[in-house]
Every structure is written in C-alpha cells, then in structure tokens.
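> Build me a structure from this.
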Amino acid sequence: MKLITAVVRPPVFEAIKEALALFGVRGMTVGQVHRISRESSHIEVYRGRRFPIDAQPSIRIDLLVPDEELSDLTRVIGKIMATDESDGNVWTSQIDLVVRVRTGEYGLDAL
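Numbers count the residues shown, from 1 in each chain. Predicted coordinates for the structure are as follows:
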C-alpha cells in the first residue's frame, strides 16, 4: 500500500478531486495548509505597516492506494498540476498497515 500526498493551490483542488473520482477513488483526506516559499513571497500593507507574506494557502491531499494504482494516480495528479503551472508538490510513502477501526478491517480491505 502507498500513500500519495499532494500539496496544491486551492484552484487546482477541484480539478484533481473530479479526476480522481472518474478514476474510481472513493475517499481521501484533505486539509488546509500553508506552504512557505521564498520565491512567491510578497508584501502586504496593514494599518500602514508593511509585512512580508511568505506563507501561501494550499490544500494537502492524502490518498491511500494499492501499489498497482500508484503510478496511474500520481500521473493524473501531476498532469492536472502541470496544466495549471502549479508550484505544488507530490510525493509517495510506503504504508505497512491500515486498520479501519469501526469495522476491524485490515490492509487493502480497510481502503
């Protein structure tokens, strides 16, 4: 089992969600995060004072997938991010065990 994690700009999230649904993905974990990047920092003025803003709002998507679907789903996410000229990231991790606590299912059955 693998974990795909993507950090994307908010406008890209809906397109990724729709594409993954077409691919048959049933669920994912989504959260709001702030990505810090020196390249995309800018200055904002609040009450006459200037503040450098380097934390950009982003969306983090975590998706557990079987090993055989990893490359296809990663490609789908990467292709959508590339069409938007997004500056997000996608990475994968190995997951040894998943347990669905409510039902007691283990491994791929828990997905």
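
> Return the set of buried residues in the longest strand along the chain.
Criterion DSSP state E: the longest strand present in the chain is strand 55-65. Buried positions in strand 55-65, judged by neighbour count with 16 or more other CB atoms under 10 Å: 56, 58-61, 63-65. C-beta coordinates here come from the backbone N, C-alpha and C atoms, glycine included.

> And for stretch 30-37?
By 16+ other CB under 10 Å, the buried positions in stretch 30-37 come out as Arg35.

> ok so, going back, what strands line up against the longest strand of the chain, and which way round?
Strand 55-65 sits in its sheet next to strand 2-8 (antiparallel), strand 29-36 (antiparallel), going by DSSP bridges.

> among the ones you listed, which gets the worst mean confidence?
Comparing mean pLDDT across the strands paired with strand 55-65, the weakest is strand 29-36, with a mean of 91.

> right, and the helix or strand after it?
Downstream of strand 29-36, the next assigned helix or strand under DSSP states H and E is strand 42-46.

> If we go by neighbour counts, what in that following strand is buried?
Going by 16+ other CB under 10 Å, strand 42-46 has no buried residues at all.

> now do stretch 72-79
73-74, 76-77.

> Which single one of those is nearest to Ile16?
Relative to Ile16, the closest of the buried residues of stretch 72-79 is Ile77; by CB to CB it sits at 5.7 Å.

> so what strands line up beside the helix or strand bottoming out on mean pLDDT in the chain?
Every helix and strand in the chain was compared by mean pLDDT, DSSP states H and E; the lowest is strand 42-46, with a mean of 78. According to DSSP bridges, strand 42-46 forms sheet pairs with strand 49-53 (antiparallel).
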